[in-house]
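[1] Got a predicted model here, sequence first, then my questions.
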Amino acid sequence: MKEKYGDILLTTLPGHVVQCEINRPPNNFFDLELIRDLADCFDELDKSPQCRAIVLCANGKHFCAGAHFKTPGEKPKGDVMAAESADQSNPLYTEAVRLFGNKKPVVAAVQGAAVGGGLGLAMMADFRVVCENTRMTANFVKLGFTPGFGLTHTLPRVVGLQKANLLFLTGRRIDGVTALEWGAADIFAEAGEVRNRAIELAQEIAENAPLALVSLREQMRPGLVEAVRAATAIEGSEQFWLTRTEDHKEGVQSVAERRPGKFMGV
């Protein structure tokens, strides 16, 4: 088993647990390459009898501050909006769907920000460990477009339709305490203990019979991959045209400047 998949670093831990660490500090912005590397990593871990549970974590201040959208005049970074038409699948979401198809339980250690697609990545996991400085937000509307990464399916599934709508339509952020209260998180830890608590949970899971774990996980997630694939198809199509509006340009600029957007509906 490899120890590195691009910016994903693997560490084998005691108790049949493998730690997958995103290594793009401090913000750990994602792009197509990162999500593809993570999907490749998960595929290999599915084949490894030495891995029974995965800890997904990040090196830096934030778990994943989302995609790095360019501001006017800035050279594009990444390719999160790489589709060439509204009818073409976004390659990023093709890779994201692969993540939902992995067989091993995933525990996410979510410190700092989980923003936009970064929240989508956290919601891909089976469990989330948070702390006082955790910040979760689906702030897409503040950027002038709509959610992606399967969030329109996964977030309501975890927190319920009303709370998901509240987060989506306001773009507000919630802290670790609220995330735990709403069911978006499963364990609340001290700020310096998020990863350790995630490892402990993964080890508790991994001490059980591996075939039973895989079987039960599949039974508890019926149709999830198909549902996420359908959700991302709609998300990608809507994002395609919305990211070509003046409101999106203004949203990216206003978020970068930490001010309310001056949206005109064009």
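    Great, that's in hand. Residues are numbered from 1 along each chain as shown.
[2] C-alpha only now, for contacts and for neighbours.
    Fine.
[3] show me where pLDDT drops low in the stretch 1-150 of the chain?
    Low-confidence regions of the stretch 1-150 of the chain, defined by pLDDT under 70, span residues 1, 69-87.
[4] hey, which helix is longest across this protein?
    The residue-count maximum for a helix in the chain (DSSP state H) belongs to helix 224-242.
[5] May I see the buried residues of the helix or strand that residue 57 is a member of?
    Residue 57 belongs to strand 53-58 when assigned by DSSP states H and E. Within strand 53-58, the residues scored as buried using 16 or more other Cα atoms under 10 Å are 53, 54, 55, 56, 57, 58.
[6] picking that back up, other SSEs contacting the longest helix of the chain?
    For helix 224-242, the elements it packs on are helix 91-100, helix 151-159, judged by 3 or more Cα pairs under 8 Å, 6 or more residues apart in numbering; DSSP states H and E.
[7] picking that back up, closest to residue 26 among the buried residues of strand 53-58?
    residue 58 (9.0 Å; Cα to Cα).
[8] Can you name the residues bridging to that closest one?
    residue 22 (DSSP bridges).
[9] show me the contacts for it.
    21, 22, 23, 24, 25, 28, 64, 109 (Cα atoms under 8 Å, 6 or more residues apart in numbering).
[10] Select from these the one having the most neighbours.
    Tallying neighbours with other Cα atoms under 10 Å puts residue 64 at the head of these, with 32 neighbours.
[11] Next up, the contacts around it.
    27, 28, 29, 30, 58, 113, 114, 115, 118, 119.
[12] now do 10 Å
    Contact analysis of residue 64 by Cα atoms under 10 Å, 6 or more residues apart in numbering lists 22, 24-30, 57-58, 110-122, 136.
[13] Just the buried ones from the residues you listed, in ChimeraX syntax?
    Here is the ChimeraX command that selects the buried residues among the contacts of residue 64 (16+ other Cα under 10 Å):
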select :22,24,27,28,29,30,57,58,110,111,112,113,114,115,116,117,118,119,120,121,122,136
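[14] which ones among the contacts of residue 64 are found in helices?
    Judged by DSSP H, helices contain the following of these: 117, 118, 119, 120, 121, 122.
[15] thought the third one was touching residue 65?
    Yes - the pair residue 119 and residue 65 qualifies as a contact (Cα atoms under 10 Å) at a distance of 8.3 Å.
[16] just the strands in the stretch 1-150 of the chain please.
    Assigned by DSSP state E, counting those that start in this stretch, the strands in the stretch 1-150 of the chain fall at 4-5, 8-13, 17-22, 53-58, 106-109, 113-115, 127-130, 135-137.
[17] Repeat that for the stretch 151-266 of the chain.
    For the stretch 151-266 of the chain, applying DSSP E, counting those that start in this stretch gives strands covering 173-175, 187-188.
[18] Those strands: which one's closest to residue 244?
    Per Cα to Cα, nearest to residue 244 of the strands of the stretch 151-266 of the chain: strand 173-175, 25.2 Å.
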